[in-house]
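Asker: output the structure for:
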Amino acid sequence: MKYLKRFNELFEIFTYINEYNEYKEYIENGGDVNEIDYNDNTMLIISIINSYDDIFDYILTLDNVDYSYTKPNGFNAFDFAIRQNSDKALKLYSKMEDYASHYLNKDYLLVSMKTNNEIKKSIFNNSLKIAKIYKPDLYKFIMKQQKMKKFNL
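Answerer: Numbering: from 1, shown residues only. Down below sits the predicted model:
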């Protein structure tokens, strides 16, 4: 019964509230930052999906965040961040570099550059923004390839 009450409180926070102070209080009073809701989301993922920027930034300051958590569908926090918001993807990259590196792969970017799919275009553009900061040689190479494609060289 105690678990159910706690879960209901967590569900309320996850689903309906974008209140930084309430979430912070929940964590400071023993709440688990890695707890999973009924949709297999952690608060980190929910903060990305729903643009809860203050909660997202707070979570990144915590020591016990499980950045390796992957939903049953195969997506993790970085997958959501790179599809939706390059600023969040940039912030997560240093914490999830091993996982995120496949988005900054030369072959992946060359293939993504040619897509008409909107999600893949977003991933490509956000990957370029990350590469510009963390992998400048790769960024220059891809930009050169884009220029050549544009002029059919």
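Asker: how many other residues sit next to Tyr58?
Answerer: By other CB atoms under 10 Å, 18 other residues sit near Tyr58. Heads up, the C-betas are built off the backbone N, CA and C, glycines and all.
Asker: er, Phe56 actually
Answerer: Each residue near Phe56 was counted by other CB under 10 Å, and the total is 24.
Asker: state the pLDDT value of it.
Answerer: pLDDT, Phe56: 93.
Asker: so which helix or strand takes in the nearest residue to it once chain neighbours are set aside?
Answerer: Closest residue to Phe56 apart from its sequence neighbours, by CB to CB, 6 or more residues apart in numbering: Ser47 at 3.9 Å. Element membership for Ser47 (DSSP states H and E) is helix 43-49.
Asker: so for that helix, mean pLDDT?
Answerer: Across helix 43-49, pLDDT averages out at 91.
Asker: before we move on, back to that, pretty sure the residue nearest to Phe56 contacts Leu62?
Answerer: No: judged on CB atoms under 8 Å, Ser47 makes no contact with Leu62 at a distance of 12.0 Å.
Asker: who has more neighbours out of those two?
Answerer: When Ser47 is set against Leu62 and neighbours are counted by other CB under 10 Å, the residue ahead is Ser47, at 26 against 11.
Asker: quick one: residues contacting the residue nearest to Phe56.
Answerer: By CB atoms under 8 Å, 6 or more residues apart in numbering, the contact list for Ser47 reads Asp53, Ile55, Phe56, Ile59.
Asker: quick one: the helices in this protein?
Answerer: Taking DSSP state H as the test, the helices found in the chain are 2-16, 20-28, 43-49, 53-61, 77-84, 86-93, 97-100, 106-112, 118-134, 136-150.
Asker: show me what the last one is packed up against.
Answerer: Helices and strands touching helix 136-150, as assessed by 3 or more CB pairs under 8 Å, 6 or more residues apart in numbering; DSSP states H and E, comprise helix 106-112, helix 118-134.
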